[in-house]
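A.B. asks: Fold the following, please.
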Amino acid sequence: FSKKFHKLRSELLRFMQEHIYPNERVLHRQHKELAEKAGSRWVVPPLFEKLKAVAKKRGLWNLFLTKSKHHSLDTGLTNVEYSVLCEI
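C.D. replies: All right, here's what the predicted structure looks like:
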């Protein structure tokens with residue numbers, strides 16, 4: 001695996017420990033309340049949007065993207081490296 005992979009893996013593990021695992025119950029509760037109110041399970045809890053912003057700021061969002069004329073993101077990961085990160 002590349003140095004980039006190892007760096008992203010460490011950052012992703014830290015992000016999960018600091019932000020995701022401690023907030024799982026809150027996310028589930030927010031989702032349940034919003035879904036009941038909306039009458040649909042296709043709702044996005046406010047905390048999810050906040051966590052998404054943190055992930056984006058840390059470069060941990062859309063890790064599957066490769067270089068394109070449509071955006072400036074390029075993780076430089078192989079499919080195998082990306083798939084391992086998806087398992088976290």
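A.B. asks: When you work out contacts or count neighbours from here on, use the C-alpha atoms and nothing else.
C.D. replies: Noted.
A.B. asks: quick one: contacts of the helix ranked longest in the chain?
C.D. replies: Counting residues, the longest helix found in the chain (DSSP state H) is helix 24-38. If you take CA atoms under 8 Å, 6 or more residues apart in numbering as the criterion, helix 24-38 is touched by 41-48.
A.B. asks: Look up which helix or strand the spatially most central residue of the chain falls in, please.
C.D. replies: Residue closest to the average C-alpha location in the chain (CA atoms, centre = their mean): Trp61, at 5.2 Å. Following DSSP states H and E, there is no helix or strand that holds Trp61.
A.B. asks: Distance check, the residue nearest to Ile88 when sequence neighbours are not counted against Tyr82.
C.D. replies: In space, and not counting its chain neighbours, Ile88 is closest to Leu13: 7.3 Å by CA to CA, 6 or more residues apart in numbering. Here the criterion is CA to CA, to the nearest Å. By it, Leu13 lies 14 Å from Tyr82.
A.B. asks: Between these two, point out the one with more neighbours.
C.D. replies: Tyr82 (18 against 13; other CA atoms under 10 Å).
A.B. asks: Surely the more buried one touches Leu63?
C.D. replies: Yes: using CA atoms under 8 Å, Tyr82 is in contact with Leu63, at 7.0 Å.
A.B. asks: Just to check, the residue nearest to Ile88 is in contact with Leu85?
C.D. replies: No: using CA under 8 Å, Leu13 is not in contact with Leu85, being 9.2 Å away.
A.B. asks: secondary structure class for Leu13?
C.D. replies: helix (DSSP: H, G, I helix; E, B strand; the rest coil).
A.B. asks: same thing with Trp42?
C.D. replies: Assignment for Trp42 (three-state DSSP): coil.
A.B. asks: tell me, how many neighbours does the nearest residue to it once chain neighbours are set aside end up with?
C.D. replies: Excluding the flanking residues, the one nearest Trp42 by CA to CA, 6+ apart is Ala35, at 7.0 Å. Ala35: 16 surrounding residues under other CA under 10 Å.
A.B. asks: gap between Ala35 and Ile20?
C.D. replies: From Ala35 to Ile20 the distance is 20 Å (CA to CA).
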